[in-house]
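[1] how would this look folded up:
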Amino acid sequence: MDPAILTPPLSASGSDTENQFSFDSAQSNDDFTVGCTSSTLRYERKMGDTELSYFLPSRQTGVNDMYLHLGFKAHERITKRSRVCTVWAILRLRHPLLCGRAEMRDYDDVRFVYDAPSSAADAYRDADANLEYRMQNKDELIDTYLNGARTLSNTRLSYLILSEPLSSPELMPTPPRTPSPTSAPLELYTVPEAEEPGAEPDRQHQYELLICAMHFLGDGMALHQFANDFFGLLGGEKSDDELREMLHEEWRVRWGDVPEEPVLPPALEDNMPMSASPFRRVAAKVDFELSQQKLLGGQTFPRRKHPERLTIVPTVSFPEDRTKAILKKCKTHGVSISAALFAMCNVAWARLGAGNREMPTLMYSALNLRPYFTKAPSSSMWNSYWYLAIGYFNVILPSFLPSDAASQEPTFWLRARQAKEQSTRAAKNPLVASRTQEMAKERGERARAWAKEDDERENGTYVPPAPAPAPASDGVAKEPVLPARAKVPSAALIGLSLLGNLDGIYKHATFPAVKLHTLTTGSRQRNGAMLLFGYTFAGKLWISLGYDSNGFAGDVVDRFWKEALDCVDEFLG
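    Numbering: from 1, shown residues only. Prediction:
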């Protein structure tokens, strides 16, 4: 699979970056246990259009707030709050957007603001305030995040939850050390606890980790790279004391002296800047308009209006031996599992027979734009991977199937190859950068207009815009720039987040004290939203469908999900 075809959807790009900081009186107290005053170093920059297109819709209910759940087993000494918090603090130092905040000054002026920690102790305290221990199982954690009160906010852009479920057979009789992030003192220096008489020194406990982050901070690839780094420190060979020394050093190297280079990573648009040539800019706009006109899709799930959104995430995984057989069969047919999942959705929908078969099925996915960046990082010190780097691509397939049962399997693999060809064309298109920039402008303008309208409706001041005036006639006929084309529907059936082989990101051997076994990911959704995830992790193939169960009519989604899994059994083996 092309390395560019990855990550969950939703975005494009923008520009106008400002990096600035104010310095009042430096305080370089590097004593991890001593208190300090608030930071006096502040950095900020404006969000680009890509980030704005995520931020503005998120303001009320947290639409697009991401989560990554990882189930793992480890000894309880690995999950002590002091150790977890130290690792969390180290990584927040390396990735400043995680502990910044968002300040909205106008619809086109929203800023990341980052107050640098004044000491290692300050960094630790900030991490501790954004860390919570619970006793929920996986499903309860995810349901609370997706459907409960919003976890994140403009002043809390990331959050970490570690849970030891009450249902865990390994759970000790006593509850977790700190059930809330604010009720416990910091464990800065702790004496190792003695094992109780008769205790098993290497007994593994079951834990659930939930990493929460705003989508305008980054994408799925940032989440997974972060989780790998987190477990690399938490489950690696460093002792608690060594990790504390590491936190001291991280702060000293970064903030012992005031850095002269930009601290915050630039917006996507600035990582792949457009040519300044007026001709190239006009050509890019024309190309973008023509590419958008090619989108044709007439298949959609029947929706219904419901005041309450209820997102559920049915998930299936396949054993390692079956996963190997599935991947081998895909390879035999010249496709990746990602292309096969497009075919799975296409055939499952066609078998339902719910739409007009004359109209094709349009599906969308996300394109990892990191390989297209042309701007080098400002320095290795501040080379964070927490930033947005995704665009869209579309796959369009026929909505009918041959009536002959014997032709169904050849048709499935033909559709998979068509999906592969379209995906590869999107990834290798020489105009990816310019199309990303144009899409960013469009999405940014749309997000600003909708946000303004939403606010005016809430305040009771909304006035519908007057009809656009007819163009003044000067008696001179003007030729249209683009060829005249009849308007066609471009509705998408479903979005696919195709993460590929995540075992290429998670270096399991580097954290021997932790055994990862389960991974689920997604985000808080709009009413009536749906997104299918496919990836391999811990040697298994995983397929999950996140959707608003109140937003679709009848049992159509249940029947689609059953048909999709039947396709896996029938065609993939």
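
[2] quick check: longest helix of this structure.
    Criterion DSSP state H: the longest helix present in the chain is helix 432-459.

[3] past that helix, which element shows up next along the chain?
    Per DSSP states H and E, the first helix or strand lying C-terminal to helix 432-459 is strand 490-491.

[4] who does that following strand pair up with?
    Strand 490-491 has these partner strands in its sheet, going by DSSP bridges: strand 297-298 (parallel).

[5] can you pull out the helices in the stretch 251-400 of the chain?
    Along the stretch 251-400 of the chain, counting by DSSP state H, counting those that start in this stretch, helices occupy 268-271, 278-293, 320-332, 337-352.

[6] per-stretch mean pLDDT over those helices, give me the minimum one.
    Confidence, taken as mean pLDDT, is least for helix 278-293 of those (a mean of 89).

[7] what helices or strands is it leaning on?
    Counting contacts by 3 or more CB pairs under 8 Å, 6 or more residues apart in numbering; DSSP states H and E, helix 278-293 is packed against helix 432-459. Placement of C-beta: from N, CA and C, glycine included.

[8] the helix it packs on: how far from the chain's middle?
    Remark: helix 432-459 is offset 19 Å from the chain centroid, using CA atoms, centre = their mean, to the nearest Å.

[9] stretch 376-395 now?
    Relative to the centre of its chain, stretch 376-395 is centred 13 Å away, using CA atoms, centre = their mean.

[10] how far does it stretch from start to finish?
    Using CA to CA, to the nearest Å, the end-to-end distance of stretch 376-395 comes to 32 Å.

[11] so for that stretch, mean pLDDT?
    Averaged over stretch 376-395, pLDDT sits at 91.

[12] got the buried residues for that stretch?
    For stretch 376-395, a neighbour-count test (16 or more other CB atoms under 10 Å) marks 377-378, 382, 384-395 as buried.

[13] show me which of these is closest to residue 539.
    residue 385 (25.0 Å; CB to CB).

[14] tell me what the longest helix of the chain is packed against?
    helix 49-58, helix 268-271, helix 278-293, strand 390-397.

[15] convert the first one to PDB, retaining C-alpha atoms only.
    Same thing as helix 49-58. Only the C-alpha atoms of helix 49-58 are listed here, as PDB (Å, rounded to 0.1, in the frame of the first residue of the first chain):
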ATOM      1  CA  ASP A  49      -7.600  27.000   7.000                       C
ATOM      2  CA  THR A  50      -7.200  23.200   7.600                       C
ATOM      3  CA  GLU A  51      -7.100  23.700  11.300                       C
ATOM      4  CA  LEU A  52      -9.900  26.200  11.200                       C
ATOM      5  CA  SER A  53     -12.100  23.700   9.300                       C
ATOM      6  CA  TYR A  54     -11.700  21.400  12.300                       C
ATOM      7  CA  PHE A  55     -11.800  24.000  15.100                       C
ATOM      8  CA  LEU A  56     -14.900  26.000  14.200                       C
ATOM      9  CA  PRO A  57     -17.300  23.000  14.100                       C
ATOM     10  CA  SER A  58     -15.900  21.600  17.300                       C
END
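
[16] tell me the angle of the helix or strand just after it relative to helix 49-58?
    Proceeding C-terminally, helix 49-58 gives way to strand 66-74 as the next helix or strand, assigned by DSSP H and E. Per axes from the mean of the first three to the mean of the last three CA atoms, to 10 degrees, the angle that strand 66-74 makes with helix 49-58 is 90 degrees.

[17] report the buried residues of strand 66-74.
    Neighbour-count burial for strand 66-74 flags 66, 67, 68, 69, 70, 71, 72, 73, 74 (criterion: 16+ other CB under 10 Å).

[18] do I have it right that the third one meets residue 223?
    Yes. Residue 68 lies in contact with residue 223 (CB atoms under 8 Å); the separation is 4.6 Å.

[19] common neighbours of these two, please.
    Taking CB atoms under 8 Å, 6 or more residues apart in numbering as the criterion, residue 68 and residue 223 both touch 211, 521.

[20] just the helices and strands packed on helix 432-459: most buried one?
    helix 49-58 (a mean of 26; mean count of other CB atoms under 10 Å).

[21] circling back: now the buried residues of strand 66-74 in TSV, with distance to residue 246?
    Shown next, in TSV, are the buried residues of strand 66-74 (distance: CB to CB, whole Å):
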residue	distance to residue 246
66	27
67	27
68	23
69	26
70	22
71	26
72	22
73	25
74	19
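
[22] nearest to residue 97, of those?
    residue 66 (13.0 Å).

[23] where does the prediction get shaky in this protein?
    Where the chain drops to pLDDT under 70, the residues are 1-39, 168-201, 468-486.

[24] again, only this time at 50
    1-39, 172-199 (pLDDT under 50).
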